[in-house]
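> have a look; sequence and predicted model below, questions after that.
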Amino acid sequence: MVVQIGKGTPLVAIVGPTAAGKSALALALAESLDGEIVNYDSVQLYRGFDIGSGKLTPEERRGVPHHLLDCLDAEEPFTAGDYRRAALRVLAEITERARLPVFVGGTGLYLRAVFMGLFEAPTRSEELRNRLRALVERRGREFLHRLLKRLDPEAAARIQPRDTQKTIRALEVCILARTPISKMQARGRSGLEGYRIVKVGLHPERRDLCQRIDRRVEWMFSRGLVEETRALLARQDWSRIKALAALGYRHASAVAQGQLSLPEAILQTQVATRRYAKRQMTWFRHEAGIHWFGGFGDDPRVQSQVINFLYEIGIAAPKRGPE
């Protein structure tokens, strides 16, 4: 297939809830449309997080180039701004090769960072963050939220008092920049230019998705998720590994540390994953311009529908045979 350039360089992003078959659809598009895949899942960035993140094995990638997979050590911090910078470098390289970039993953914030940009904020300060975390330990997260409310009432109104991570980041920016984070965000941001972005969404039936999530969780634990997690917990600086708090890994950690039985961990992971899928759909429903397709991305009928849709809107066209 030949990618058609016009009205900007084509770029496809696949969105939808976990377990919807996004990776399978990305492979089908890349193989049919001469594409390369760019991961935007925050856990799949890390080496050693394979089973619980649903990361495709090298064999399952079928020779299709994948970017931003296994590119970080487990302890490395990584922000949405870091992701944007890395993704823009990869995107430029794919464009130079005249290939179709296909973004796939589940971290909507990362995708938004690339397409819409981020406000210019000061770099993170681990020293300040540690001091703020210590405040949470001594005074509670509600105290931290009240502090934010004094410094930036607008930001505090948007952030839930129990969301300690966002509260800490907002306070960090306010303190380091000596400006409310809400004012910095209001100054605008620089979005992605020069690309024709097409967002494709997968929206399977809720009941079918829940059943697939339950089976997938059982499969992950049977494949060795607890053993994978034990290897991460054995690292010297395991307490600095943020991805251990991700779905599946935090429950597998509890099993490895004797805090949960295996059946309890499986059940709790299933419930948490179903809730997470619902939150993902809520997030993506607020994104403009998504073309939704019913069903799962590993269904050949859905794959054909998406490819035909991309033909119809001029993103790609079949190669012409000899005259």
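Perfect, thanks for sending it. Since the model is a prediction, treat every value here as computed from it, not as a measurement. Numbers count the residues shown, from 1 in each chain.

> give me phi/psi at the closest residue to residue 116 other than its chain neighbours?
Leaving out its chain neighbours, the residue that sits closest to residue 116 by CB to CB, 6 or more residues apart in numbering is residue 191, at 4.9 Å. (C-beta placed from N, C-alpha, C; glycine too.) Residue 191 has phi and psi values of phi -90, psi 180 when expressed as degrees, to the nearest 10.

> just checking, residue 191 touches residue 113?
No. Using CB atoms under 8 Å, residue 191 makes no contact with residue 113, being 10.1 Å away.

> ok so, going back, show the contacting residues for the residue nearest to residue 116.
Going by CB atoms under 8 Å, 6 or more residues apart in numbering, residue 191 touches 115, 116, 117.

> not counting its neighbours along the chain, what's nearest the residue nearest to the spatial centre of the chain?
Centroid-nearest residue in the chain, with CA atoms, centre = their mean: residue 107, separated by 1.9 Å. Nearest residue to residue 107 in three dimensions, chain neighbours excluded: residue 42, at 4.3 Å (CB to CB, 6+ apart).

> and the longest helix along the chain, what's buried?
The helix of greatest length in the chain, counted in residues with DSSP state H as the criterion, is given as helix 262-285. Buried positions in helix 262-285, judged by neighbour count with 16 or more other CB atoms under 10 Å: 265-266, 268-270, 272-274, 276-277, 280-281, 283-284.

> can you put the residues you listed in JSON lines and add distance to residue 78?
Supplementary listing: the buried residues of helix 262-285 in JSON lines, determined by distance: CB to CB, whole Å:
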{"residue": "265", "distance to residue 78": "26"}
{"residue": "266", "distance to residue 78": "29"}
{"residue": "268", "distance to residue 78": "26"}
{"residue": "269", "distance to residue 78": "24"}
{"residue": "270", "distance to residue 78": "28"}
{"residue": "272", "distance to residue 78": "22"}
{"residue": "273", "distance to residue 78": "22"}
{"residue": "274", "distance to residue 78": "27"}
{"residue": "276", "distance to residue 78": "20"}
{"residue": "277", "distance to residue 78": "23"}
{"residue": "280", "distance to residue 78": "20"}
{"residue": "281", "distance to residue 78": "25"}
{"residue": "283", "distance to residue 78": "20"}
{"residue": "284", "distance to residue 78": "22"}
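
> out of the residues you listed, who's nearest residue 10?
Proximity of these to residue 10, judged by CB to CB, is greatest for residue 284, which lies at 20.5 Å.

> how many neighbours does the nearest residue to that closest one once chain neighbours are set aside have?
Taking CB to CB, 6+ apart as the measure, residue 284 lies nearest to residue 15, with 4.9 Å between them; neighbours along the chain are not counted. Applying other CB atoms under 10 Å, we find 26 other residues in the vicinity of residue 15.

> circling back to that earlier point, closest to residue 304 out of the buried residues of helix 262-285?
Each of the buried residues of helix 262-285 was checked against residue 304 using CB to CB; the closest is residue 284, at 22.6 Å.

> surely the closest one touches residue 290?
Yes. Residue 284 is in contact with residue 290 according to CB under 8 Å; the separation is 6.3 Å.

> identify the contacts common to those two.
Common neighbours of residue 284 and residue 290, counting by CB under 8 Å, 6+ apart, are 15, 201.

> what is the neighbour count of residue 117?
16.

> what sits closest to residue 224 if chain neighbours are left out?
Ranked by CB to CB, 6+ apart and with sequence neighbours excluded, the top spatial neighbour of residue 224 is residue 51, at 6.1 Å.

> need the contact list for the one you found.
For residue 51, the contacting residues are 220, 223, 224, 225, 228, by CB under 8 Å, 6+ apart.

> secondary structure, distance to residue 21 and neighbour count for the residues you listed - can I get that in TSV?
Conversion of the contacts of residue 51 to TSV gives the following (DSSP: H, G, I helix; E, B strand; the rest coil; distance: CB to CB, whole Å; neighbours: other CB atoms under 10 Å):
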residue	secondary structure	distance to residue 21	neighbour count
220	helix	16	24
223	helix	18	13
224	coil	22	15
225	helix	20	25
228	helix	22	21
